[in-house]
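*Asks:* Kindly return the folded structure for what I paste below:
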Amino acid sequence: MCGRFTLTADLTLLAERFQFDPAGLSYTPSYNVAPSQQILTVMHDGTHNRAGYLQWGLVPSWAKDPSIGHRMINARVETVAEKPSFRQALQRRRCLVLADGFFEWRQSGSTKTPMYMRLHGHPPFAFAGLWDTWHDATGAPLSTCTILTTTANALVAPIHQRMPVILPPEAEAAWLDRHLTAPEELLALLTPYASEPMEAYAVSLAVNSPRHNAQACIAPV
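*Replies:* Numbering: from 1, shown residues only. So this is what the prediction gives:
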């Protein structure tokens, strides 16, 4: 599962790293991104990468009630190609979810300790995401997304059995390629990220509440 993450990098750095035009994009770094919030994503429009915001928690276009999004913050790699909520999005509506770290809670008895995981040097990276647009009775659109999860690597496994799919930079273009629709080729991109480039450490209990959104959320304790 992935239920919290961070995106604190400078917008200019993000635009350069993910090759999008930042002009006119409103951006505020976040140390505690939570479900139902608007999160920064990148798609490919057939010509170039385009950045924009999607609400975290997928609401399929055919859903009767948008509250389903609360249960759809993640999609499991093992079933994403079969589940009706995700299979069309896997083939045609993929995105990068920009991040530079994520949280999981390590349980020891009745105690849960929040742990922060990131790449060495704290560079930004991309989760594999899917998106869709739902319309209410008046036709007003709601564009939402979900983050793919897979089995945990050796670093994350002692903390949690699953982790978000972090795409290697060389796989990002393929994930966004609108001409790539074969599920088997797409699923081949969704593997656990190598543990060697990653680090993990305990952080403050403040991150338990989305109301707390400051650098202290990722400070080691």
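*Asks:* residue ranges of the helices in the protein, please?
*Replies:* Defined through DSSP state H, the helices belonging to the chain, from first to last, are 11-18, 87-92, 169-176, 183-187.
*Asks:* ranges for the strands of the protein?
*Replies:* With DSSP state E applied, the chain shows strands at 4-7, 30-33, 38-44, 49-56, 74-76, 94-99, 101-108, 111-119, 125-135, 141-151, 162-164, 166-167, 198-202, listed in chain order.
*Asks:* chain center to the fifth one, what's the gap?
*Replies:* Right, strand 74-76. Strand 74-76 sits 10 Å away from the centroid of its parent chain (C-alpha atoms, centre = their mean, to the nearest Å).
*Asks:* per-residue pLDDT, Ala157?
*Replies:* Confidence at Ala157, expressed as pLDDT, is 97.
*Asks:* Also the one 4 residues further on?
*Replies:* Gln161 is assigned a pLDDT of 96 by the prediction.
*Asks:* thinking again about what came up before, of all the helices of the chain, which lies closest to Phe127?
*Replies:* Nearest to Phe127 among the helices of the chain is helix 169-176 (10.2 Å), distances taken as C-beta to C-beta. For every residue, glycine as well, the C-beta is placed using N, CA and C.
*Asks:* where's the residue located most distally from the centre of the chain relative to Met72, distance?
*Replies:* When each C-alpha in the chain is compared with the mean C-alpha position (C-alpha atoms, centre = their mean), Thr138 comes out farthest, at 29.4 Å. Distance, Thr138 to Met72, using C-beta to C-beta, to the nearest Å: 23 Å.
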